[in-house]
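# give the three-dimensional model of this entry:
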Amino acid sequence: MRINTNVASLNAQTNGTITNNNLTSSLEKLSSGLKINKASDDASGMAIADKLRTQASSLGQGISNANSGTALIQIADKAMAEQSNILDIVKTKLIQAATSTTSAEGREAVRKDVSKLLEQLDNISAQTNYNGVNLLDTKGADFTFQVGEDATYDIGLQTAYAVNTSGLGAGEQQLNEEDSVVNYKNGITIADVGAQATVQYDTTLALASPNAKSVVIGENNVGTITGLVSLEIAADNVAAIGFNAGGGFGANMTLSTDDAALQAALTSYAGAVPAQLLSVGDGKFEVVNGEEFVIEFASNIDISKLEISGMETGLAAADIVNIVTDEAVSITKTSGAANVSLESGTYTGAVDTIATGSTALVGKSSATAEGLTFTAAGTGPIVEKGTTGVQFDFDATATTFTAQGAVLLTTTATLGGTEEAIFTLNANNVTSLSLGLSAAGTSSITLSTSNKDTMAMLDEMAANSGSLTQIGEGTYTFEQTSTIAAVTAATLDFGGSDIKDLTISGMKETEDIAIAATGGVYVTKDDTSDKKDIQLSAVTLDGNTGKTTTAGSLKGASGDVLQTTSSLAGLATLGSGELTADVANQYMAVVDNAMTQLNSVRSDFGSTQGQLEVATRNMMVTQVNIKAAESVIRDTDYAAESANFNKQNIIAQAGTYAMSQANAMQQNVLRLLQ
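Numbering: from 1, shown residues only. I've put the predicted structure just below:
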């Protein structure tokens, strides 16, 4: 028997310590309700449970996002419901105005009422927002609702139309697209008094130092109408202005400006070289006939308005003005019968080294190219973005009895993206639309429209034409096959009707579309990133069996017809006495089309709401099941753990008794010593 080492007591103590640890752990689980309170309790289980908890939390936020998205859509839907009521009333009032029993005074009252109703339709569009985000006033507005546990789980919505008077009806918003970018190329001229062109040296091209970009005004007017013209010029970041006074008529070109910086520079130059530039007082200067010079500025200046009068054009010795800047230059023709040409140029820093270039001028303008002409074959506008309107110039181009003047649409390989072209066409007084090949084979494009009148014409053509096939409501394929390059074109006969909101896709570089029309042809392209650009040029069609590019035969078209008679905005802005029975009849179809477009947007919102509600229900069920799975791993099973606690408690009590007995056993040594 040993006294120094009480092995029995030590064993009892060890087992008691283990039992107490187990008892402490059991109490921790019972008090917290968690089976895993620290990583050592169950390392792998904790990792799984934590991931499940994060998943459940993410789903909870997804549910919240979906509910917010539903609330957003409900706001938009109720607003559009009220707009739908407005259109119902407007249609009723137009029917009232169209009948002979309504007097002129009654129609005027209807016009005022309709104008106010449509004003309120625009107000609803402008004011409908969720947390400051407008919901209805932008075409192509994107809404993305994150409704899952990572970035792949989202629901998207894009508005097909701006739900206002500009966006509903027949697409006036397309004709007034802001930030339109049109590549005019060299050869553009300003023809009409009051017409304006805002152009810029092609921004994608770089020049080697010390060359500077320039816009050259008046260089290429030989052969056009001769005479004197007046201009107004505005430009930013101007490094220099160059002048070449040709002197064909012997008159001095006169400059006038209120710009302090420009006026000071002109005054200083006139004082130094009076033989070239004369100061005649009150901010006016004369460019001496026959002189050529460049005025450079110490630092670039912005010119808000430079008036030029007595500019001689149409002569071999014409007056030329150069604006040296790589930013936009705006030129407005204020008087004169002659044309004013615009070209790109480069300036090397020497007096007479501003030279015209062969690169493109980029037009920075919206709506149409009204008042402009395109003077050389193949150098009409290239539509990069927004809308431009052109018209075959019958006054400038002679056509034979059998030939038709047409606008040719082709894609360009030098500008634009790599994907097939997609654009929207509006045109007035269309005789025919022809699809041509530049090589033997089969050519096919897709046409689509939501405009009822255009759709009705295409439906009839599809029923009677082998080249047009209807593949859905308002959607068609237009195809031609030829064994000989560019001889026979597939043709659709529109008989002088208008084409409205016709979207064309699938045109390749080997294909073209010729639109024979006596009115304007308007091409709208929204996407500048990957879709090919559209080149516009003039051709004559000889019985649709061949086409010949015609120099100097395109002019900018007016958008007035489309803008004032085929949109809700036009109806809203009718003047006093302009609402006649015929006009009321015309606008009924516009209102019907606007209702169709409004319902399309509303339907898209409604479908998205249904999708959100389904996603919400699914996430709620999934979240419950994930929480249940986490609970199995993380939460304490009280029935099992209470039994374990009682077991450990009893063992602890028994261990304490055993320890006391082990200690008592040492007393037996005393008996041996007695």
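
# mind listing the strands for the stretch 201-350 of the chain?
For the stretch 201-350 of the chain, applying DSSP state E, counting those that start in this stretch gives strands covering 212-217, 227-244, 253-257, 277-281, 284-287, 292-313, 320-324, 329-335, 340-347.

# try the stretch 1-150 of the chain
129-130, 133-134, 142-146.

# want to try CSV for the ones you listed, with distance to residue 112 as columns?
C-beta: built from backbone N, CA, C; applies to glycine. Putting the strands of the stretch 1-150 of the chain into CSV (distance: least, Cβ to Cβ, whole Å) gives the following:
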stretch, distance to residue 112
strand 129-130, 29
strand 133-134, 28
strand 142-146, 36
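
# report how many residues lie close to residue 62.
25 (other Cβ atoms under 10 Å).

# against residue 135, how distant is the closest residue to it other than its chain neighbours?
Excluding the flanking residues, the one nearest residue 62 by Cβ to Cβ, 6 or more residues apart in numbering is residue 147, at 4.7 Å. Using Cβ to Cβ, to the nearest Å, residue 147 is found at 18 Å from residue 135.

# the helix or strand harbouring residue 614 - what's its average pLDDT?
Per DSSP states H and E: residue 614 is located in helix 581-634. Regarding helix 581-634, the rounded mean pLDDT is 90.

# just want the angle from that helix to strand 142-146.
Orientation check (axes from the mean of the first three to the mean of the last three Cα atoms, to 10 degrees): helix 581-634 against strand 142-146 gives 20 degrees.

# after helix 581-634, which helix or strand is next?
Assigned by DSSP H and E, the successor of helix 581-634 is helix 638-664.

# what packs against that following helix?
helix 7-32 (3 or more Cβ pairs under 8 Å, 6 or more residues apart in numbering; DSSP states H and E).

# ok now the helix it packs on, how far from the chain's centre?
72 Å (Cα atoms, centre = their mean, to the nearest Å).

# pLDDT score assigned to residue 379?
As predicted, residue 379 sits at a pLDDT of 62.

# no wait, residue 63
pLDDT recorded at residue 63 is 94.

# against residue 156, how distant is it?
For residue 63, the distance to residue 156 (Cβ to Cβ) stands at 18 Å.

# repeat for residue 637
44 Å.

# ok, back up a step: residue 63 and residue 156: which is more packed in?
Neighbour comparison, residue 63 and residue 156: the larger count goes to residue 63, with 19 against 10 (by other Cβ under 10 Å).

# which strands or helices does the lengthiest helix in the chain pack on?
Counting residues, the longest helix in the chain under DSSP state H turns out to be helix 43-98. In terms of contacts (3+ Cβ pairs under 8 Å, 6+ apart), helix 43-98 is packed against helix 104-127, strand 129-130, strand 142-146, helix 581-634.

# next, the angle from it to helix 104-127.
Orientation check (the same axes, to 10 degrees): helix 43-98 against helix 104-127 gives 170 degrees.

# ok, how many other residues are close to the nearest residue to residue 33 once chain neighbours are set aside?
The spatial neighbour of residue 33 that comes closest, neighbours along the chain excluded (Cβ to Cβ, 6+ apart), is residue 636 at 5.3 Å. Neighbour count for residue 636, taken as other Cβ under 10 Å: 20.

# state the distance from residue 636 to residue 36.
For residue 636, the distance to residue 36 - Cβ to Cβ - is 9 Å.

# where does the stretch 301-450 of the chain dip in pLDDT?
351-353, 357-360, 364-371, 375-379, 396-403, 413-417, 438-440 (pLDDT under 70).

# tabulate the helices and strands packed on helix 43-98 (JSON lines), appending distance to residue 503 and mean neighbour count.
Compiled in JSON lines, those are given as follows (distance: least, Cβ to Cβ, whole Å; neighbours: other Cβ atoms under 10 Å):
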{"stretch": "helix 104-127", "distance to residue 503": "23", "mean neighbour count": "17"}
{"stretch": "strand 129-130", "distance to residue 503": "29", "mean neighbour count": "16"}
{"stretch": "strand 142-146", "distance to residue 503": "19", "mean neighbour count": "16"}
{"stretch": "helix 581-634", "distance to residue 503": "14", "mean neighbour count": "18"}
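
# to residue 12, which of these lies closest?
helix 581-634 (35.3 Å; Cβ to Cβ).

# which strands or helices does that closest one pack on?
When contacts are defined as 3+ Cβ pairs under 8 Å, 6+ apart, helix 581-634 packs onto helix 43-98, helix 104-127, strand 142-146, strand 154-158, helix 452-464, helix 568-572.

# deepest in the core, which of those is it.
helix 568-572 (a mean of 24; mean count of other Cβ atoms under 10 Å).

# how about that one as PDB, C-alpha atoms only?
Output of helix 568-572 as PDB, limited to C-alpha atoms (Å, rounded to 0.1, in the frame of the first residue of the first chain):
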ATOM      1  CA  LEU A 568     -48.900  62.600 -79.400                       C
ATOM      2  CA  ALA A 569     -46.500  65.600 -79.100                       C
ATOM      3  CA  GLY A 570     -47.900  66.900 -82.300                       C
ATOM      4  CA  LEU A 571     -51.400  66.600 -81.100                       C
ATOM      5  CA  ALA A 572     -50.600  68.300 -77.800                       C
END
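
# which residues does it contact?
The contact list for helix 568-572 (Cβ atoms under 8 Å, 6 or more residues apart in numbering) reads 90, 114-115, 118-119, 121-122, 164-166, 168-169, 172, 563-564, 587, 590-591, 594.

# please apply the same query to stretch 18-33.
Outside stretch 18-33, the residues within contact range by Cβ under 8 Å, 6+ apart are 35, 37, 41, 635-636, 638, 641-642, 644-645, 648-649, 651-652, 655.
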